[in-house]
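Asker: this is a predicted model, with the sequence first.
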Amino acid sequence: MKKLLVLALLCMPFLGNSQIVNEKNVKDWGYGENKIKKAPKKIYVKDFFVNYQVLSSNSETTTNSDLDRATSMMSVGLVGLETEDFQEITDAAYKRMVSKLTDAGYEIVGSEEAGKAEMFQDYTKLTGGTPSQAQIIGYISTAPTGYDYYVKRVTNKGKAKDAFFDVTPKLSKELGDIPVLEANVSFQFVTIDGSSFAGAAKMKGNVNFVLAATAIGTSSEGFFGSKIETSPSLERVVWKGGAVGAGALSIIQFSPKSDISIEGVVEQKKFKEYVSSNSYKPSYANIVITQDKKIEVSHQVKADREAYKTKSLQALNEYLDQMIQKLIDSANG
């Protein structure tokens with residue numbers, strides 16, 4: 001009996017740190033991977049961005065037969081974390097990825113050398129380490145501290161814009177026909193859906209912390225109601241390899257098949273709000289309904305700070321490992 005107890009205790013740390021991202025929940029959809037073994041052992045990290053959702057809001061407007069209007073708005077915020085926590089996760093994942101690449105014999109091309117590419121002559125150079133709220137609605141976006149990268153332009157609101165078309169194969173060629181790495185990953189904790197029927201508006205918020213297949217940022221302040229922005233999670237290595245046209249000879253590419261749940265990080269909650277344009281509710285119910293005015297309802301979701309940092313980093317590392325290991329195996333094949 002004692003032996004069984006000791007064995008169980010020894011196994012507990014491993015059970016608590018089970019794998020989050022694996023080959024079953026990511027999609028491998030590259031092509032010509034084995035051809036990358038002919039590529040130089042140099043690589044340029046064009047993009048490395050990690051986005052963390054901290055707020056989501058949505059609204060739904062309903063109108064009854066008398067043309068009375070009511071708008072329901074729900075906003076959900078994440079609490080228990082500091083901005084530096086997100087930057088810390090990103091920095092650690094980037095450092096680990098670079099270490100794995102250099103250990104495999106890859107030379108990382110720096111921003112100064114990359115900046116000589118013809119494509120980047122009219123681009124803006126930025127440096128990571130300062131989290132931004134301008135990229136995706138409700139998300140804090142990060143790039144690694146000290147990591148320099150180039151963007152097509154920066155808007156007046158601070159949002160970095162890239163080229164509309166896929167220019168990475170072209171960049172690979174301009175850098176001396178070397179592989180180019182891109183990674184954009186998002187973590188999401190809540191989704192809010194709205195619907196209206198027969199003069200009533202309904203809002204529903206579902207809390208589930210995930211490595212998102214596609215980050216969804218929503219705001220109730222759009223010109224035509226709610227505003228929505230999306231950003232797919234995607235990681236890839238692109239090698240032009242002398243391919244003709246705009247394509248590439250080899251692309252190693254992964255993305256989540258669907259949202260990948262990360263348990264034990266945020267408290268589990270569900271929110272529902274129902275608003276009718278025909279009725280009033282007392283102010284003590286935390287909802288005030290008046291004709292043609294918005295109803296604002298705020299909610300908070302608490303995160304376990306240490307669990308968030310530990311498990312987000314684990315998921316991020318495991319996700320990046322899918323791409324890096326495929327690159328190493330293909331290059332050595």
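Answerer: Thanks, I have the structure now. Numbering: from 1, shown residues only.

Asker: now do the same for Val21: helix, strand or coil?
Answerer: Classification of Val21 using DSSP: H, G, I helix; E, B strand; the rest coil returns coil.

Asker: wait, it sits on Gln322?
Answerer: Yes - with contact defined as Cβ atoms under 8 Å, Val21 reaches Gln322; the gap is 7.0 Å. Placement of C-beta: from N, CA and C, glycine included.

Asker: contact partners for Glu118?
Answerer: Going by Cβ atoms under 8 Å, 6 or more residues apart in numbering, Glu118 touches Glu174.

Asker: same question for Lys37.
Answerer: Going by Cβ under 8 Å, 6+ apart, the list of residues near Lys37 reads 330-333.

Asker: so which of those residues is the most crowded?
Answerer: For the contacts of Lys37, the largest neighbour count, defined by other Cβ atoms under 10 Å, is 23 neighbours, found at Ala331.

Asker: next one: phi and psi at that residue?
Answerer: The phi/psi pair for Ala331 (degrees, to the nearest 10) reads phi -70, psi -30.

Asker: could you measure from the nearest residue to it once chain neighbours are set aside over to Leu249?
Answerer: Leaving out its chain neighbours, the residue that sits closest to Ala331 by Cβ to Cβ, 6 or more residues apart in numbering is Lys37, at 5.1 Å. Using Cβ to Cβ, to the nearest Å, one gets 11 Å for the distance from Lys37 to Leu249.

Asker: next one: Val190
Answerer: On the measure of Cβ to Cβ, Val190 and Leu249 end up 41 Å apart.

Asker: more crowded one of those two?
Answerer: Val190 (27 against 20).

Asker: am I right that the more buried one sits in a helix?
Answerer: No - assessed with three-state DSSP, Val190 is strand; it does not lie in a helix.

Asker: distance of it from Asp259?
Answerer: For Val190 relative to Asp259 (Cβ to Cβ), the value is 12 Å.

Asker: how many other residues sit next to Thr90?
Answerer: 29.

Asker: low-confidence stretches in the stretch 51-200 of the chain?
Answerer: 59-72, 164, 194-200 (pLDDT under 70).

Asker: and if we set it to 50?
Answerer: 64-68, 196, 198-199 (pLDDT under 50).

Asker: show me the helices in it, by range?
Answerer: 83-103, 111-114, 168-174 (DSSP state H, counting those that start in this stretch).

Asker: check for me that the residue nearest to Ala331 belongs to a strand.
Answerer: No - checked against three-state DSSP, Lys37 lies outside a strand; its state is helix.

Asker: with adjacent residues omitted, what lies nearest to Glu88?
Answerer: Lys309 (6.8 Å).

Asker: so that neighbour sits in a helix?
Answerer: Yes - judged by three-state DSSP, Lys309 forms part of a helix.

Asker: burial of it, as a residue count?
Answerer: 18.

Asker: quick check: it vs Glu318, distance?
Answerer: Lys309 is 15 Å from Glu318, by Cβ to Cβ.

Asker: same check on Phe254?
Answerer: Taken as Cβ to Cβ, the span from Phe254 to Glu318 is 11 Å.

Asker: out of these two, name the residue with the larger neighbour count.
Answerer: More crowded of Phe254 and Glu318, by other Cβ under 10 Å: Phe254, with 24 against 17.

Asker: name the helix or strand for the more buried one, please.
Answerer: Using DSSP states H and E, Phe254 sits within strand 250-256.

Asker: could I have that strand exported to CSV, CA atoms only?
Answerer: What follows is strand 250-256 as a C-alpha-only set of coordinates in CSV (Å, rounded to 0.1, in the frame of the first residue of the first chain):
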residue,chain,number,x,y,z
SER,A,250,8.6,25.0,-49.1
ILE,A,251,6.3,26.2,-46.3
ILE,A,252,6.1,24.6,-42.9
GLN,A,253,2.8,25.8,-41.4
PHE,A,254,0.6,25.1,-38.4
SER,A,255,-2.6,26.5,-36.9
PRO,A,256,-5.1,25.3,-34.2
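
Asker: what's that strand packed up against?
Answerer: Helices and strands touching strand 250-256, by 3 or more Cβ pairs under 8 Å, 6 or more residues apart in numbering; DSSP states H and E, are strand 26-28, strand 234-239, helix 305-331.

Asker: wait, which of those is closest to Asn208?
Answerer: Asn208 sits nearest to helix 305-331 of all those, at 13.5 Å, using Cβ to Cβ.

Asker: buried residues in the closest one?
Answerer: 307-309, 311-324, 326-328, 330-331 (16 or more other Cβ atoms under 10 Å).
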